[in-house]
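In: My questions are about this predicted structure, shown below with the sequence.
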Amino acid sequence: VILSNEQYSHIISWMPHGRAWKVINKELLVEEAIPKFFGQSKFSSFTRQLSGWGFKRLHQTGQDFGCYYHECFLRGHPRLTVLMRRVPKGQGKA
């Protein structure tokens, strides 16, 4: 919902290709969006939840640097999200 809402496009938005999304303004995300949509107020908790659901932060250079990606989280394909599962404990980041 948040990524498809123009009201938040200056805070968080899809990349043009629709396979990844990026936090544009971390401070506004923490102040406005995280408490409203995720019931918490810490960026570290938000990113921990992303990791727990299998999202990867992209580190290669280029336009996707710093973006988040999940193979079942693509713009225009909301039905794919039913395939998402939490990462089992001990199989996430070390």
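Out: Received the coordinates, thanks.
In: Pull the contacting residues for the residue nearest the centre of the chain.
Out: Nearest to the geometric centre of the chain sits Y68, at 5.3 Å (Cα atoms, centre = their mean). When contacts are counted by Cβ atoms under 8 Å, 6 or more residues apart in numbering, Y68 touches A20, W21, K22, V23, L50, F55, K56, R57, L58. Any C-beta I mention is one placed from the backbone N, CA and C, and that applies to glycine too.
In: Buried residues in stretch 41-48, which are they?
Out: Judged by neighbour count using 16 or more other Cβ atoms under 10 Å, the buried positions of stretch 41-48 are F46.
In: Give me the distance from it to the chain's centre.
Out: On the basis of Cα atoms, centre = their mean, to the nearest Å, stretch 41-48 sits 11 Å off its chain's mean C-alpha point.
In: Over to stretch 50-64?
Out: Distance, stretch centre to chain centre, for stretch 50-64: 9 Å (Cα atoms, centre = their mean).
In: quick one, helices of this structure?
Out: 26-28, 34-38, 43-52 (DSSP state H).
In: circling back to that earlier point, pull out the buried members of the contacts of Y68.
Out: Here, 16+ other Cβ under 10 Å leaves A20, W21, V23, F55, L58 buried among the contacts of Y68.
In: Please export the C-alpha coordinates of the lowest-mean-pLDDT helix or strand in the chain as PDB.
Out: Ranked by mean pLDDT, DSSP states H and E, the weakest helix or strand in the chain is helix 34-38, scoring a mean of 90. The C-alpha coordinates for helix 34-38 follow below in PDB (Å, rounded to 0.1, in the frame of the first residue of the first chain):
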ATOM      1  CA  ILE A  34       6.800   3.300   9.800                       C
ATOM      2  CA  PRO A  35       4.600   4.100  12.800                       C
ATOM      3  CA  LYS A  36       1.500   4.300  10.500                       C
ATOM      4  CA  PHE A  37       2.000   1.100   8.500                       C
ATOM      5  CA  PHE A  38       4.300  -1.100  10.700                       C
END
